[in-house]
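Asks: everything below, folded, please.
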Amino acid sequence: MRIVSLVPSLTELLFDLGLEDHVVGVTKFCIHPPEAKPTRTLIGGTKNPSVERILQLQPDLVIANRDENRREDVARLEPHTQVLVTDISTIDDALSAILQVGSATGAVQAADSIVHEIGTLQERLREQKALTPLSTPPKILYLIWQNPYMSVGSDTFIHAMISELGAESVTQTLRRYPEITEADIHELAPNEIWLSDEPFPFGPDHVLAFQKLFPFARVRLVSGEVYSWYGSRIILAYHELLKQYAHWAS
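Replies: So this is what the prediction gives:
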């Protein structure tokens, strides 16, 4: 089987499923594992892949995602090859996608093993929350972009991960990736502002600037890979969630 992945987190999943010899094409954003991008044909970005280059690779399967890839690119590929389009807004969706990819690639046992490991970590976090419940859930504003400010709505995987922590996203009444203003942030009154390092590359200078603008909240950088990558990366993400919850509960 020849596979092209248009989704960075699912490229990592393919390698963790033991399918590295079958992956022939990846995007320029497929940075995990480290050997994926240097040793495979690059087919462009997630939003602007070269359909012609993909078809030249003669894939048996192309893996895509509703949020990360464009419908028109998928439509151009579908007459020529099988395209598996994942749709992931919840943790259950992410687990189902792992099993879908495993089924489509003949890696069912490996996919089952990854899902089982994630389930074990989910249970550990549930036990931790039951043993040391938070008196007041943190109110978090999660930002993915600047100029304009963009956050996350209740129908996103990032929101699902924040909720898994037992925290409250202050933009939970909104949907998808809403634009918000400085005045909105003051009105929403988060006590924590999380600046994701992707897709916008927030860094330490942004933390200082945000802390001056919004002194009522603790501003920190967070890894977008922890809160927005699905697939096998969820295993590492849960270890970070466990640490974060323990910090809040201490």
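Asks: does Asp67 belong to a helix, a strand or coil?
Replies: Classification of Asp67 using DSSP: H, G, I helix; E, B strand; the rest coil returns coil.
Asks: and the residue nearest to it when sequence neighbours are not counted, how many residues sit next to it?
Replies: Using Cβ to Cβ, 6 or more residues apart in numbering and skipping residues adjacent in sequence, the residue nearest Asp67 is Ile88, 7.5 Å away. Just so you know, the C-beta spots here come from the backbone N, C-alpha and C atoms, and that holds for glycine as well. If you count neighbours by other Cβ atoms under 10 Å, Ile88 ends up with 24.
Asks: separation between Ile88 and Lys212?
Replies: Applying Cβ to Cβ, to the nearest Å, the value for Ile88 to Lys212 is 36 Å.
Asks: again, but for His116
Replies: In terms of Cβ to Cβ, His116 sits 46 Å off from Lys212.
Asks: also Ser151?
Replies: 20 Å.
Asks: more crowded one of these two?
Replies: Ser151 (30 against 9).
Asks: backbone dihedrals for Pro59, please?
Replies: Backbone torsions of Pro59, given as degrees, to the nearest 10, read phi -70, psi 150.
Asks: that one: what's its closest spatial neighbour, skipping adjacent residues?
Replies: Val4 (4.4 Å).
Asks: in PDB, list the C-alpha atoms belonging to stretch 148-159.
Replies: Only the C-alpha atoms of stretch 148-159 are listed here, as PDB (Å, rounded to 0.1, in the frame of the first residue of the first chain):
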ATOM      1  CA  PRO A 148      -7.000  39.200  14.600                       C
ATOM      2  CA  TYR A 149      -7.200  37.400  17.900                       C
ATOM      3  CA  MET A 150      -8.600  33.900  17.300                       C
ATOM      4  CA  SER A 151      -9.800  31.400  19.900                       C
ATOM      5  CA  VAL A 152     -11.500  28.000  19.900                       C
ATOM      6  CA  GLY A 153     -15.200  27.200  20.100                       C
ATOM      7  CA  SER A 154     -17.000  24.200  21.700                       C
ATOM      8  CA  ASP A 155     -16.900  22.100  18.600                       C
ATOM      9  CA  THR A 156     -13.100  21.800  18.400                       C
ATOM     10  CA  PHE A 157     -10.600  19.200  19.500                       C
ATOM     11  CA  ILE A 158      -8.800  21.900  21.500                       C
ATOM     12  CA  HIS A 159     -11.900  22.600  23.500                       C
END
